[in-house]
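Student: only geometry, no sequence info:
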């Protein structure tokens, strides 16, 4: 991603200092462990005994959470005997409040309310009396605990609960428990056994909870309200959730547990020190971490590689949804690659026909229910009772399940692929068709593009999908258009030149598109002769528009994929573009966005025609000059294609990248003439869609070609003021033609709970899906507004969301100057900053070339979640240490934060964003390492040195590591760039400008970004 011209001085020099100069000494997060299990009643909780810790407050981590802080001395924390505590159905008229101990040390009160609204006045209960239940609707959260912070003397029971906190006991004869004013110290503190709340799973099986053991101490309720009987919602199991405890800095008095993460931010008056250790900031060094509790709760859901929700907890009302200030929606990648052994099963109903709901057309899936002895089934989307076809009937067992479930993958798998019968076809299935439109002007000849393209296409002919049905054709153009007759009876192709650009016609229309297996020898002869055919061409013009119309006229009978190789700005005929370029005066004005939108409506009109006739367009753009990607890229945007951008292409440098990406485009499995629709339950609907496609109707996406590297985002809203269901179901359906000529329907089904608690929405949030939606919305906003407005929209939504989350706890906890956030969104500010600094959105005129910016925007609009997150926060890995060792195992690779102070002058680092490698050689790196890797050129200018395998073990090991990185994601090819520390402008252009945690080009560093967000959260909080 990004321009490859290091001579442009649009980068900062290496910062003198950065907050990452020393290794991290403490783990930044303390939180509760994860929820385990998805069925059954709410687990009980343990009561524990606590002795006051002797660890001074100055040794606590800036992250405050519910786990005990770890000091240099062994902790005095001792677990108490296991005690089961259950949650009864609660009476809203009887709120309960735990007692706050008096004394010099006081714990900030724990959460007792789901929001900052309707908070009753506080009151205390005397010791020995049972506290009344809380009128809240909290579900348990899932958290992870850091092993490095585990106290060796702390042994938590596997069934301790998030709702209970440890009790207080005398730790020495001289210490007395604290009592609130007005309480009786000698009162017997004993709670009566409480009936457990029953919880129904989605099979409606009731599970009887275990008996409750009495405890001599009060166990404050955290306000959990179960769903009504009969709900089909899968439960949040409370088993194996560790009891929260306090940090040592809070003294011997134990307060209410905090179920959020926080950063302590506060400087000494008169000091410039922000009071925050930058090493404690959260970083996704382990990559994309998807929510686990959601998958455990609904094991029948499709895998998250196909469908990811912004939050797995759907709000039950429009008022609750309005308080969720982040995007509410989903990201769909219907053809995502599955690991070996997890392929989507194929189901052929044959004569039965595909079983669907008669009213809403939902496909049969694991969440439908069978009744009337198996003769009827109820749709999980619209609840209609449907008749079961006779050929599909199977009796039910005693539990109400079909006896043939093991033979019906569509009833036990969240993802399935149906073979569609003839009624799903409006025409016979099309064959795979590849048509190539190649610019042969002087700039293309000089760069070497034509030769690389011809060689790559020829090498892929044997692996093109759909043999022996595959069709192929070619057009070349400069100031004229050249057609090629490749009839199988010929030994050499015949060139036909059309110079009339105003009235385009197609000579010999039947012989310009041929069957590859029949005309293979003619195609091979053409590809062999193509580079030499135009090697002396000095034509500087480009009749791109007329050539595009000619390709459309040839392809519109069948459809297929059009691959365009463009080098020169269109200058002749329809669709010609002027050299509007980048205008510095336009930035910061209302005219700025016009630079990033198509200048000529011709290209959008052509895209609509291409989509109508099932033609997808992929753009390969090569140029060292302005070629108006904003206009030409429109062809890919509206036809389900993508833009590949190779600025300053030179075959000697970029050949491998073009070969790999073109070969993958030609040989990866493709779904042809496809349409996509996503259905959802009552009261919820999708309102907007974002990605590369044409919207055929309000909810039908037209996709002439789909593959595993494309994702689509969509936002949803609530149609009803209040949802009455306990679960919302989603179903993605992709109807397409396979390369083998079979019409198929790929279906992904998922369920999500409906909640009345904003805190639960935050706990079940998916940062990856949220960032994917935020990025698409910001890029679209940049097409109608200033870049600054698009960037500010990201920051504003993050601030609003974290402010709303803070308000949930501001009443119950003394959050003070702390910045609090849920565990699920701990990386949201950092990814927001990375979006802010991305090529598509960053800076202004001087920060990215216009074509580069537009190409980055087209790419980001189509990327799946994991690829986008890696692009935003790439891997920076130190590898010199593993090169010196006997093995090069992945466990020895050390990922470091994206900051200049992470770079040790004695080290060797690889920067990998999924699109390119930057290998950084430290100034003090051992000369033997550089010599082994680069040969005798290790002392010369690295811009003239290429990395290849030398005859030594260290070089082979490095090449093996880079190959491993490439194999983890083969979508794009990471071209390798070498930089030496201090070598400017090369180091700044390739690496320093991409270190998102540093202050770059007037944009905030990570630490400053956090402080700025925190200040905005505190305003009017």
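Tutor: Yep, it's here. A quick note: this is a predicted structure, and the numbers were derived from the prediction, not measured.

Student: So for this structure, the centremost residue is which one?
Tutor: Ranked by distance to the mean C-alpha position of the chain (Cα atoms, centre = their mean), the top residue is residue 865 at 2.7 Å.

Student: Please identify the helix or strand for the closest residue to that one other than its chain neighbours.
Tutor: Nearest in space to residue 865, with sequence neighbours left out and distances taken as Cβ to Cβ, 6 or more residues apart in numbering, is residue 768 at 4.2 Å. (Glycine included, C-beta is placed from N, CA and C.) Using DSSP states H and E, residue 768 sits within helix 767-781.

Student: Please apply the same query to residue 1009.
Tutor: Assigned by DSSP H and E, residue 1009 belongs to helix 1006-1018.

Student: how about the helices of the stretch 301-450 of the chain, start to end?
Tutor: Counting by DSSP state H, counting those that start in this stretch, one finds helices in the stretch 301-450 of the chain at the ranges 318-322, 442-447, 449-460.

Student: If you count contacts, what does the helix or strand following the longest one end up packed against?
Tutor: Proceeding C-terminally, helix 449-460 gives way to strand 471-477 as the next helix or strand, assigned by DSSP H and E. Secondary-structure packing of strand 471-477 (3 or more Cβ pairs under 8 Å, 6 or more residues apart in numbering; DSSP states H and E): strand 433-439, strand 481-485, strand 514-515, helix 520-533, helix 544-555.

Student: Pipe the ones you listed into CSV and attach mean neighbour count and distance to residue 870 per row.
Tutor: What follows is these, written out as CSV (neighbours: other Cβ atoms under 10 Å; distance: least, Cβ to Cβ, whole Å):
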stretch, mean neighbour count, distance to residue 870
strand 433-439, 24, 29
strand 481-485, 22, 41
strand 514-515, 19, 40
helix 520-533, 17, 35
helix 544-555, 23, 33
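
Student: any chance of the ones you listed in JSON lines, plus mean pLDDT?
Tutor: Output for the helices and strands packed on strand 471-477, formatted as JSON lines (pLDDT from 0 to 100):
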{"stretch": "strand 433-439", "mean pLDDT": "98"}
{"stretch": "strand 481-485", "mean pLDDT": "97"}
{"stretch": "strand 514-515", "mean pLDDT": "96"}
{"stretch": "helix 520-533", "mean pLDDT": "96"}
{"stretch": "helix 544-555", "mean pLDDT": "97"}
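
Student: Out of these, which gets nearest to residue 893?
Tutor: Nearest of the helices and strands packed on strand 471-477 to residue 893, taken as Cβ to Cβ: strand 433-439 at 38.8 Å.

Student: what distance separates that closest one from the middle of the whole chain?
Tutor: Taking Cα atoms, centre = their mean, to the nearest Å, one finds strand 433-439 lying 33 Å from the centre of the chain it belongs to.

Student: cool, stretch 658-665 as well?
Tutor: Offset of stretch 658-665 from its chain centre (Cα atoms, centre = their mean): 24 Å.

Student: and what of stretch 283-290?
Tutor: Chain-centre distance of stretch 283-290: 11 Å, with Cα atoms, centre = their mean.

Student: OK, contacts around the nearest residue to residue 465 once chain neighbours are set aside?
Tutor: Distance criterion Cβ to Cβ, 6+ apart; nearest residue to residue 465, sequence neighbours excluded, is residue 739 at 3.5 Å. By Cβ atoms under 8 Å, 6 or more residues apart in numbering, the contact list for residue 739 reads 432, 465, 466, 669, 670, 672.

Student: What is the burial count for the fourth one?
Tutor: The number of residues packed near residue 669 is 12, by other Cβ atoms under 10 Å.

Student: Assign a three-state SS to it, would you?
Tutor: Secondary structure assignment for residue 669 (DSSP: H, G, I helix; E, B strand; the rest coil): coil.

Student: Distance-wise, check it relative to residue 541.
Tutor: Residue 669 sits 38 Å away from residue 541, taking Cβ to Cβ, to the nearest Å as the criterion.

Student: do the last one as well
Tutor: Residue 672 sits 34 Å away from residue 541, going by Cβ to Cβ.

Student: what's the weakest-modelled helix or strand in this structure?
Tutor: Of the helices and strands making up the chain, the lowest-confidence element is strand 167-168, at a mean of 36, by mean pLDDT, DSSP states H and E.

Student: where does residue 911 fall, phi/psi-wise?
Tutor: Main-chain dihedrals, residue 911, degrees, to the nearest 10: phi -100, psi 120.

Student: Touching, it and residue 987? I think so.
Tutor: No - between residue 911 and residue 987 there is no contact under Cβ atoms under 8 Å: 11.2 Å.

Student: can I assume residue 658 sits in a strand?
Tutor: No - using three-state DSSP, the assignment for residue 658 is helix, not a strand.
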